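Q: this is a predicted model, with the sequence first.
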Amino acid sequence: MPGPIDPRLWSRASATKTYMVAGVAVGTVTSVVLVAQAWLLAKLISTAFHLQGLPGDLNAVLPGSENAAYPLGGLAPSLGALGGIIAIRAVLMWFNSWLAHRSAARVKSQLRTDIIAARLASPHDATLTTGQLVQVVTKGLDNLDGYFGRYLPQLALAITVPAVVGTAILVTDWESTLVVILTLPLIPLFMILIGLATQAKMDRSWRTQSRLGNHFNDLVVGLPTLQAFGRAAAQRKGLKINEGNHRAQTMSTLRVSFLSGGVLELVATYSVALVAVPIGLQLAFGHMDLMTGLFVLILVPEVYLPVRQVGVHYHDSVDGITAAEEAFAAIDAGSHPASQTDPADPSPANPSPAGIIFDAVTVGYSENTVLDRHSENTVLDRHSENTVLDEFCEHIAPGEVVALVGPSGCGKSTALHVLMGFLTPASGTVHAGGMSLGDPRWRRQFAWVGQTPGMINGTVADNVRLGDPDASDDALQNALLRAGAGDMALGHHVGDGGEGLSAGERRRVAIARALLRVDAGSDWMILDEPTAGLDADTEASVIETLRGSGTGVLVVTHRPAVMEAADRVITMERAEDRMSEVAR
Ligand SMILES: Nc1ncnc2c1ncn2[C@@H]1O[C@H](COP(=O)(O)OP(=O)(O)OP(=O)(O)O)[C@@H](O)[C@H]1O
């Protein structure tokens, strides 16, 4: 069972701290107002009884002929004060709720920014799949609304109200305080027991919800393929099963939630009865005056109420903490330093004036890194059964144009991803331009063209300008020309995922933006099959541009023309076979 506040929320989402301090302050004022309200109410009721001659003497309470003529008129000031107190409570409640929602919005915004930053730092991290990431960033973090909006305010009240109201009861009638002290811990005790049952259910519910979301996401993305193979209708069954599981999980969690409310209600009611019976007897035997009895009786349920309400909103806390855990898992996954994995590595920090050096780099994709989103080990496991790079060593000189070739699946893209800092190797070191992988300036050295280049929704100009935000339209047009896409209009619309451009056009846009980045000062172009899908003429012009860029080029390719144009071809072999090198 999680604690009431995830320590990371406290230390890394600063709005939480501010909110809790403000929440306790508001809670304390609310408690004082509560005591004042109970006192006024007790006074009003006891006075009303006296005024009606039940059971006291009117003149003893409100002497004077005026009151005697209009007995209840004397209550007007107290009634006015009570109205004022109720208004103050309403304002305090509104203020607390406003504060809570503001804090929730700020914490969510901070966590979303951190998650996105972490994903940008480590785009190929497998701790969370894209579907899970979307789930965490959207619906997942929305679960913090209930946590901040309902659970935390209640938690603050559960601390302040028993303390302040309990003191007021102690001063008035210590025997009732004793009963309260003995019975109050029963509520948290039952809450812990119920919480243990709820936590397991919530974990299951969250997993089912994620599975349903991912399944739906996969179906939508893969719909054209499923239709082409006539399998679209067959997916209904799987979706129905997942949806049914989700419904059953939700109902089961709700059952526990409702049951927990009922149990806590029962405990609190019996506890109040234990206080009420002795007070009733004392009143009957004249050992206590009516106002004191009423004051204590009005206050006692107020001590149990906020503690009980914490239990009622406990599922908000579980939802919120689960969402926070997911968020921090995503943030921590991205914040693994893309640095050398062996701190005792004896190799020099500045091993070469420039050049790219892979030194004994080992990478394996473990099944767990893909499937277990709670895995803390996002560094790719060297002992995995699926070792892709095994002590990969290579040195590429500054300005050299190198083609990386080899059979499909031998690890060419993986090597580039390590170089770009997208993947952290299990062991080994990478240096470039005299820097170690993980240096904050690391990625500025590279202009990147991925195998499936990422496109943003906007125009061709927006996409090319990612290479250099300050580039003029002329520079964009020139870069497109050099990338073999001189005929492409800057204003051409690009939809989600590059919609509106052919695969070849996307590659040329990606090459154009890499060229802009080179113009802005990068030393290397790192390209993953940039000419796949291009016709021979365009390919020739792209090769000419790459050679003429004046930078070092490391290009993964299957195309003979690109290999021909390279200074050197590195041939990788699959799996455990050592890499061999063919110098031209
Ligand atoms: N995220 C991942 N999780 C698990 N295995 C992966 C992942 N990415 C790649 N692999 C596996 O690692 C191996 C190397 O993949 P990589 O993409 O580096 O090969 P490649 O040589 O670039 O292939 P190609 O020429 O077909 O692009 C493949 O067997 C692939 O299945």
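A: Okay, I see it.

Q: which strands and helices sit next to the longest helix along the chain?
A: Longest helix of the chain, by residue count under DSSP state H: helix 235-284. Contacts defined by 3 or more CB pairs under 8 Å, 6 or more residues apart in numbering; DSSP states H and E place helix 235-284 against helix 174-183, helix 186-221, helix 290-312, helix 314-334. Backbone N, C-alpha and C define where each C-beta goes, glycine included.

Q: surely residue 458 meets residue 494?
A: Yes. Residue 458 lies in contact with residue 494 (CB atoms under 8 Å); the separation is 5.9 Å.

Q: out of these two, which sits in the more crowded spot?
A: residue 494 (21 against 13; other CB atoms under 10 Å).

Q: so how far is residue 506 from that one?
A: Note on residue 494: its distance to residue 506, by CB to CB, to the nearest Å, is 9 Å.

Q: ditto for residue 174
A: 78 Å.

Q: just the buried residues of stretch 227-243, please?
A: 235, 242 (16 or more other CB atoms under 10 Å).

Q: same question for it, mean pLDDT?
A: Stretch 227-243 shows a mean pLDDT of 81.

Q: contact partners of it?
A: Outside stretch 227-243, the residues within contact range by CB atoms under 8 Å, 6 or more residues apart in numbering are 208, 211, 212, 215, 216, 219, 223, 226.

Q: filter those down to the buried ones.
A: 208, 212, 215, 226.

Q: mind listing the strands for the protein?
A: 356-364, 387-396, 401-405, 427-432, 435-436, 446-449, 458-459, 493-494, 524-528, 552-556, 568-571, 580-582 (DSSP state E).

Q: quick one: which of those strands is nearest residue 198?
A: strand 356-364 (38.4 Å; CB to CB).

Q: quick one, that closest one and strand 427-432 angle?
A: Counting by axes from the mean of the first three to the mean of the last three CA atoms, to 10 degrees, strand 356-364 points 150 degrees away from the direction of strand 427-432.

Q: I'd like the distance from strand 356-364 to the chain centre, please.
A: 32 Å (CA atoms, centre = their mean, to the nearest Å).

Q: check whether it contacts the ligand.
A: No. Strand 356-364 is not in contact with the ligand by CB under 6 Å from any ligand atom; minimum separation 8.4 Å.

Q: what touches both of residue 494 and residue 506?
A: residue 455.

Q: show me where pLDDT drops low in the stretch 451-584 of the chain?
A: Per-residue confidence for the stretch 451-584 of the chain (pLDDT under 70) gives these ranges: 575-584.

Q: before we move on, back to that, which one of residue 174 and residue 506 has more residues nearby?
A: It is residue 506, of residue 174 and residue 506, that has more neighbours when counted by other CB under 10 Å, with 20 against 9.

Q: dump the residue contacts of the more buried one.
A: So residue 506 contacts 452, 453, 455, 498 (CB under 8 Å, 6+ apart).

Q: closest one to residue 398 out of those, please.
A: residue 453 (25.4 Å).

Q: surely that closest one and residue 507 touch.
A: Yes. At 6.2 Å, residue 453 counts as touching residue 507 under the criterion of CB under 8 Å.

Q: more crowded one of those two?
A: For residue 453 and residue 507, the more surrounded residue by other CB under 10 Å is residue 507, and the numbers stand at 30 against 22.

Q: gap between the more buried one and the ligand?
A: 14 Å (CB to the nearest ligand atom, to the nearest Å).

Q: contact partners for that residue?
A: 449, 453, 530, 531, 532, 533, 534.

Q: again, only this time at 7 Å
A: 453, 530, 533, 534 (CB atoms under 7 Å, 6 or more residues apart in numbering).

Q: against residue 508, how distant is the third one?
A: For residue 533, the distance to residue 508 (CB to CB) stands at 10 Å.

Q: same check on the last one?
A: Between residue 534 and residue 508 the computed distance is 8 Å (CB to CB).

Q: which one of those two has more residues nearby?
A: residue 508 (30 against 22).

Q: what number of residues lie near the closest residue to that one other than its chain neighbours?
A: The shortest distance from residue 508 to any non-neighbouring residue, by CB to CB, 6 or more residues apart in numbering, is to residue 485 (3.9 Å). Counted with other CB under 10 Å, residues neighbouring residue 485 total 23.

Q: what about residue 485, distance to residue 561?
A: 18 Å.

Q: got the angle between the longest helix of the chain and helix 290-312?
A: 160 degrees.

Q: enumerate every residue touching residue 327.
A: 111, 115, 136, 141.

Q: poorly predicted segments of the protein, please.
A: Within the chain, the set of residues satisfying pLDDT under 70 comprises 1-5, 12-13, 51-74, 124-127, 334-354, 366-385, 575-584.

Q: 50 instead, please
A: Scanning the chain for pLDDT under 50 picks out 1, 55-70, 337-353, 368-384, 578-584.

Q: got the residues of it near the ligand?
A: Counting by CB under 6 Å from any ligand atom, the chain sits next to the ligand at 126, 365, 370, 388, 406, 408, 409, 410, 411, 412, 413, 414.

Q: and which of the contacts of residue 506 is nearest the ligand?
A: Checking those against the ligand with CB to the nearest ligand atom, the nearest one is residue 452 at 10.3 Å.

Q: is it possible to export the strands of the chain to JSON lines including distance to residue 274?
A: Below are the strands of the chain laid out as JSON lines (distance: least, CB to CB, whole Å):
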{"stretch": "strand 356-364", "distance to residue 274": "64"}
{"stretch": "strand 387-396", "distance to residue 274": "67"}
{"stretch": "strand 401-405", "distance to residue 274": "79"}
{"stretch": "strand 427-432", "distance to residue 274": "66"}
{"stretch": "strand 435-436", "distance to residue 274": "69"}
{"stretch": "strand 446-449", "distance to residue 274": "71"}
{"stretch": "strand 458-459", "distance to residue 274": "68"}
{"stretch": "strand 493-494", "distance to residue 274": "71"}
{"stretch": "strand 524-528", "distance to residue 274": "73"}
{"stretch": "strand 552-556", "distance to residue 274": "77"}
{"stretch": "strand 568-571", "distance to residue 274": "82"}
{"stretch": "strand 580-582", "distance to residue 274": "84"}
